[in-house]
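Asker: Got a sequence here, can you build the structure:
(one chain, ligands or ions: 1)
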Amino acid sequence: MTEVITTIQEMQHLTSRFRLEGKSIGFVPTMGALHEGHLTMIRQSIEYNDITVISVFVNPLQFGPNEDFDAYPRQIETDVEAARMIGVDYVFYPTVEEMYPHTLDITLKVGRLASVLEGAKRPGHFDGVVTVVNKLFNIVQPHVAYFGKKDAQQLAIVQKMVETFNHPVVIQGVDIVRESDGLARSSRNVYLTEEERQQAPHLYQSLQLAKAMYDHGERQSAAIIEKVTAYLKAHTCGKIEEVAVYSYPELVQQNTISGQIFISLAVKFSKARLIDNIIIGDEVK
Ligand code: PAF
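Answerer: Okay, here's the model as predicted:
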């Protein structure tokens, strides 16, 4: 039975009780418009935890003034049905007023990690993300929380927030889920025109090209960036906003590749801005 919970008090009361009963709580925070990427995280949570909670909350704090907060796809009935089918225990679905009843006097601010990549393009975005995730963790009190590797920078920042503020939660990164043609699943894919949808899998192809170069021993970021950019220019009409090589999870730009890195792409189509990435190399211990 999936229950929809709309108040913070009820959600906190339930999860406090489960904690006292010694039950493990898995949590998948979402903004709704659930797709296979979310469902993969939810399935993991259900497999490894006694109780699974998902949140559906389009968080106004993480949208800039010219971004798609109003247009962001909202489909709560479909989402609850999907949650029910898969066996989620609770859908936490608060209103904006419930989450932010007053003007916020205190928010979290992300430093250097938000000054690059998506953070540089979307000022304040990651401050909004960590502020809401911080609240959600206090409300849901999960033992494990699942975040997609598609938003690799978000995953690194949330992990850092958990370390910094000593949240008693394990952050589990979940691999990118792709369509059969390689396009990374995203709620924003619905904004693509038919022609753009045909071109979008080339983001993944370009990352495969980068990986092949790396596998053949290329360690100069500039060479990889040049090839990937040329490939994207030749195969899509989107505006290439980012092709970059950063260490992961430290997010320091790399001229010469060593250790674990991620290659990050952002391509702006007419209405959708797609991001994709690949994490390669050995993690530095
Ligand atoms: O990745 C998302 O959908 C959002 O950034 C999150 C983590 C649910 C916070 O609003």
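
Asker: going forward, measure contacts and count neighbours with C-alpha atoms only.
Answerer: OK.

Asker: give me the number of residues near residue 16?
Answerer: 17 (other CA atoms under 10 Å).

Asker: That one looks like it's in a strand, true?
Answerer: No. Residue 16: not assigned to a strand; according to DSSP: H, G, I helix; E, B strand; the rest coil it is helix.

Asker: quick one, phi psi at the nearest residue to it once chain neighbours are set aside?
Answerer: Excluding the flanking residues, the one nearest residue 16 by CA to CA, 6 or more residues apart in numbering is residue 141, at 7.5 Å. Per-residue torsions, residue 141: phi 50, psi 50 (degrees, to the nearest 10).

Asker: Kindly report the same for residue 263.
Answerer: Torsion angles, degrees, to the nearest 10, at residue 263: phi -100, psi 120.

Asker: ok so, going back, any idea how far the residue nearest to residue 16 is from the ligand?
Answerer: 15 Å (CA to the nearest ligand atom, to the nearest Å).

Asker: Give me the buried stretch members for stretch 180-191, please.
Answerer: Residues of stretch 180-191 classed as buried: 183-187, 189, 191 (neighbour count, 16 or more other CA atoms under 10 Å).

Asker: Can you get me a residue count around the residue in the stretch 1-150 of the chain that the ligand sits nearest to?
Answerer: Relative to the ligand, the nearest point of the stretch 1-150 of the chain is residue 30 (3.7 Å; CA to the nearest ligand atom). Residue 30 has 17 neighbours, counted by other CA under 10 Å.

Asker: Next: residue 78.
Answerer: 13.

Asker: hey, C-alpha coordinates of the host helix or strand of it in PDB?
Answerer: Residue 78 belongs to helix 76-86 when assigned by DSSP states H and E. Extracted in PDB, the C-alpha atoms of helix 76-86 (Å, rounded to 0.1, in the frame of the first residue of the first chain):
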ATOM      1  CA  ILE A  76       1.300  13.600  -9.400                       C
ATOM      2  CA  GLU A  77      -1.500  11.100 -10.100                       C
ATOM      3  CA  THR A  78       0.800   9.200 -12.700                       C
ATOM      4  CA  ASP A  79       3.700   9.400 -10.300                       C
ATOM      5  CA  VAL A  80       1.700   8.000  -7.300                       C
ATOM      6  CA  GLU A  81       0.400   5.200  -9.600                       C
ATOM      7  CA  ALA A  82       4.000   4.400 -10.700                       C
ATOM      8  CA  ALA A  83       5.100   4.400  -7.000                       C
ATOM      9  CA  ARG A  84       2.200   2.100  -6.100                       C
ATOM     10  CA  MET A  85       3.000  -0.300  -8.900                       C
ATOM     11  CA  ILE A  86       6.600  -0.600  -7.800                       C
END
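
Asker: Give the buried residues for the following helix or strand past it.
Answerer: Heading C-terminal from helix 76-86, the first helix or strand you meet, by DSSP H and E, is strand 90-92. Under the neighbour-count criterion of 16+ other CA under 10 Å, strand 90-92 has 90-92 buried.

Asker: Report whether strand 90-92 contacts the ligand.
Answerer: No. Strand 90-92 lies apart from the ligand when judged by CA under 6 Å from any ligand atom; the minimum separation is 11.6 Å.
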